[in-house]
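Asks: sharing a model prediction with you, sequence too.
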Amino acid sequence: MSKKPLKLTPVQQASQEAFYDARVMHAKMRAAMTSLETLLAAPSESVISLVVGATGVGKTTFAKVLTRRLGEAYAEEADADPTCIPVVVVQAYTSGESKPSFKDLFRDILSETNPLAHAALSISKADGRIWIGNDARDSVSALRRRVEAALRHRKVRVLVIDEAYHLCHYANSTAVLDTLKSIANTAGVRLVLIGSYDLHALIESHAQVARRTSLVLFERYDIKSAEDRMEWKRIVRALQVKWPCKYVPNFANISDALLESCLGCVGLLKSLLLEASALQLLNGGKWEVRFLQLSAKSVALRDVIRREIELGEMRVRESVRGNSLWDDKTLATLSAAMQSDAKLSHEARQ
Amino acid sequence: MKPANSSLFGLHVLGAGTRDVESLRSYVRRLAYAHDVSPARLVSELLAMCPLDAVSMSSVRNAFVEGNISGKGDVVDALLTRLQQATFRDLQPAAAQRFGHLFAAQRFCRAPSQAHCPECVKDDAWDGLPYGRLLWELSPITCCPVHHVRLVDSKRCGEPGVVARDFRRRPLLSGVCASCGSIGFACRTEAAEPATAEEIWIANQMSALVALSPQETFAIAPATMRDGIVATVEAAFGGEMATAAVECGLGRTSVLEWVRNEGRLPSLDTLLKFCWRARADLLALLHGRYERSEAAGGVRAMSLAKRKYSLAKRDWERIRALLIEEAEKPAPRAVGDIASELGMWISNLRLNLPEETNRLAESSKRYQAALRKQKYEELKAKFSGAAQALASDGIAITKTNVIERSGIQVFGGRSQVRHAALRDVLADYGVVMPPTAIALTQAG
């Protein structure tokens, strides 16, 4: 039995890390990004945008790309006033406490915006007086007030919360989105929540919140669509170019098989390729086709993921932005009516 | 996505370019409030981020405690530089230090005392939080140029029955009562006192000055100001420097010193006396010319009367009697106060009436010592009460706990009597504090 190294050499490690950092902008991500950027570009009452997608569809990459693009969009503003932080990105998480709350999220936002947050006192204004130290320093309400003030002072335009499905554990859905809506309104910030389909539960039960919320679906690739298959192949090729070993297996030729195995999710594809490349590197750079088998999700795990994705898609499809009361036929009728109106008003102006 | 350089919120100075421009002290307090920290903590953190080379942290903090941060000096310069670096804002309009090249440091800022216009803070409170004006920080200003009422002491609470909050819980915000926290000093209900014509004239003159931008202020050269003084002497005093000085209640050579000696700058209040007497517009004078200002009111009735040279020069017997009478009073004033009242230097009194002056000095010193002793006893009783209360509650008797329970602030420097009283009370419970600069025996 030949001895194989269990650890990558520094050179291999660097190549693998470069492959890990490789990102490919693809059609589905572009579509979701365009939809979201349109929402953020103009002032509207829709202050909260939910970006939902299947597990492994590439939401974390989406968050990183979004951060970069928003940073570029607001660069002029930030350059003109260096005290501004137009875009703040935080990650929601549960810290293992028995009762997770907004505290950790608020603390994270404050650590990004207020350098003196660690020394903050509980200062409040009530009954025409200023009170110091009357409330607990780190109560949720004190932290929330500080967050609102910090967002306002830093002129934050967009607050991105990644892994936002953790918010569902903080309180009931109405309370969570009410809190977020209130922060958005008080501080004049647009909120972008990125997470899995569970996020949809937040807007299901509250009409007032639903009015202020838009839902953007980050879709996966469909093996039945020729267009999707072609784009998938392009993605595989783009990742293949950044392969960390000298010998590059021809994944493009098996892109349909990869599409099926990865359920059309680019994130899952990336995970598969990362594992395969690591195996190849540990094998001294020699490729073996069994690495594919080892890297792909087992049938049982894939089924769990598939079932969850299909269930989630079914739940959110009705709420997605653009899926309105008007179908294509009705829309054509409305369009014709509007054109005749436009003619009339043009004639009236003439 | 953190900002590359800025570390604090970029609040703007309020009212820049107007007579209502905010003071640096008020700005620091507002900045601290925005960050939810105390002003002292903000300054500490700021200096931890951008350490100072030449100026020690304690001197900066003392300067802050004394409240002199709107004035002149190295500490103010250092703090201003750090604040500007941290906020990316031009804070020069808030600092009276921009007039440093024109006026002497003496009697420039009101600090450590604080004053405010009762009407302005009420107006501000309608629309959020009040802020402190730079104008209120300057010592010659005694009234508000907007409401024509006298400024009032900011340290006095209007709710005499209410026990003052523990000092850690007192809000340090301009226009907010530190004792009870009421916004716009709503605790004070007494009617505002109308200002005299002279006070209003001074406030108006100073309003025009503080409304200048820093660039306009720095553009005024001391040489131009000297030209303005000369032009004013020519126009209002027939070109006689000594006459001008005497007429303004100043020393005979004061005006001449301003004009001929490049190293000597007039103090703000003396230059205002000079302008008032000559009916000269201050801003025009600083720009090198004489312009008659639209002043109202009679000069004779005002406090800016001539110095009482006749009394100081001739009636030594009367002054001797005055000194003896003062020394025998139960609460004699200091020699300096008497000299000031007579319009003389202390050295002149000592030279001509050494025995009487020394007797008054001794008497005044004894009285001050007795006052300190009395204060010491009162404080000791309060600290003892606090320590006993802690003991009965089963709480450890420490310096911090006793201070917190008693609600009496104890710093080094200006509060040696408090320090001594606290030290002695703690010693009774076996807690050792470092000794103060002034021994108790001296205090007693």
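Replies: Cool, the structure landed.
Asks: the strands in the stretch 201-350 of chain B, which residues?
Replies: Under the criterion DSSP state E, counting those that start in this stretch, the stretch 201-350 of chain B contains no strands.
Asks: typed the wrong thing, it's chain A
Replies: All strands of chain A, identified by DSSP state E, fall at A:48-53, A:87-91, A:123-126, A:129-132, A:158-162, A:190-195, A:213-218.
Asks: so which of the ones you listed comes closest to chain B?
Replies: Among the strands of chain A, strand A:129-132 comes nearest to chain B, with 3.9 Å by C-beta to the nearest C-beta. To be clear about C-beta, it is placed using only N, CA and C from the backbone, and glycine gets the same treatment.
Asks: give me the distance from that closest one to the chain's centre.
Replies: 40 Å (C-alpha atoms, centre = their mean, to the nearest Å).
Asks: which other helices and strands contact that strand?
Replies: If contacts are counted by 3 or more C-beta pairs under 8 Å, 6 or more residues apart in numbering or on different chains; DSSP states H and E, strand A:129-132 sits against strand A:123-126.
Asks: which residues outside the strand it packs on are in contact with it?
Replies: Identification of contacts with strand A:123-126 by C-beta atoms under 8 Å, 6 or more residues apart in numbering or on different chains yields A:130-132, A:134-135, A:142, A:145, B:33, B:36, B:171, B:183.
Asks: out of the residues you listed, list just those in helices.
Replies: In helices, judged by DSSP state H, the following of the contacts of strand A:123-126 are found: A:142, A:145, B:33.
Asks: if you skip the residues just before and after it, what's nearest to the first one?
Replies: Leaving aside its chain neighbours, residue A:142 sits nearest to residue A:122 (5.0 Å; criterion: C-beta to C-beta, 6 or more residues apart in numbering or on different chains).
Asks: give the buried residues for whichever helix or strand residue B:386 is part of.
Replies: Per DSSP states H and E: residue B:386 is located in helix B:354-393. Buried residues in helix B:354-393, defined by neighbour count with 16 or more other C-beta atoms under 10 Å in any protein chain shown: B:356-357, B:359-361, B:363-364, B:367, B:372, B:376, B:379-380, B:382-384, B:386-387, B:390.
Asks: quick one: the strands of chain A as a markdown table, columns for distance to residue B:133 and mean neighbour count too.
Replies: Shown next, in a markdown table, are the strands of chain A (distance: least, C-beta to C-beta, whole Å; neighbours: other C-beta atoms under 10 Å in any protein chain shown):
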| stretch | distance to residue B:133 | mean neighbour count |
| --- | --- | --- |
| strand A:48-53 | 42 | 25 |
| strand A:87-91 | 35 | 21 |
| strand A:123-126 | 22 | 16 |
| strand A:129-132 | 19 | 18 |
| strand A:158-162 | 36 | 23 |
| strand A:190-195 | 37 | 23 |
| strand A:213-218 | 46 | 24 |
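Asks: circling back: of the ones in helices among the contacts of strand A:123-126, buried ones?
Replies: The buried subset of these - by 16+ other C-beta under 10 Å - is A:142, A:145, B:33.
Asks: reformat the residues you listed as TSV; add pLDDT.
Replies: Shown next, in TSV, are those (pLDDT from 0 to 100):
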residue	pLDDT
A:142	85
A:145	88
B:33	90
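Asks: mind putting the residues you listed into a markdown table with distance to residue B:99?
Replies: Converted to a markdown table, those look like this (distance: C-beta to C-beta, whole Å):
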| residue | distance to residue B:99 |
| --- | --- |
| A:142 | 41 |
| A:145 | 39 |
| B:33 | 27 |
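Asks: identify, from the residues you listed, the entry nearest to residue A:38.
Replies: Residue A:38 lies nearest to residue A:145 out of these, by C-beta to C-beta, at 32.3 Å.
Asks: got a list of what the closest one touches?
Replies: Counting by C-beta under 8 Å, 6+ apart, residue A:145 makes contact with residue A:124.
Asks: so how far is residue A:300 from it?
Replies: Using C-beta to C-beta, to the nearest Å, residue A:145 is found at 48 Å from residue A:300.
Asks: next one: residue A:182
Replies: Look at residue A:182 and residue A:300: by C-beta to C-beta, they are 43 Å apart.
Asks: now do residue B:140
Replies: Per C-beta to C-beta, residue B:140 is found 86 Å from residue A:300.
Asks: the two - which one has more neighbours?
Replies: Per other C-beta atoms under 10 Å in any protein chain shown, whichever of residue B:140 and residue A:300 has more neighbours is residue B:140, with 19 against 7.
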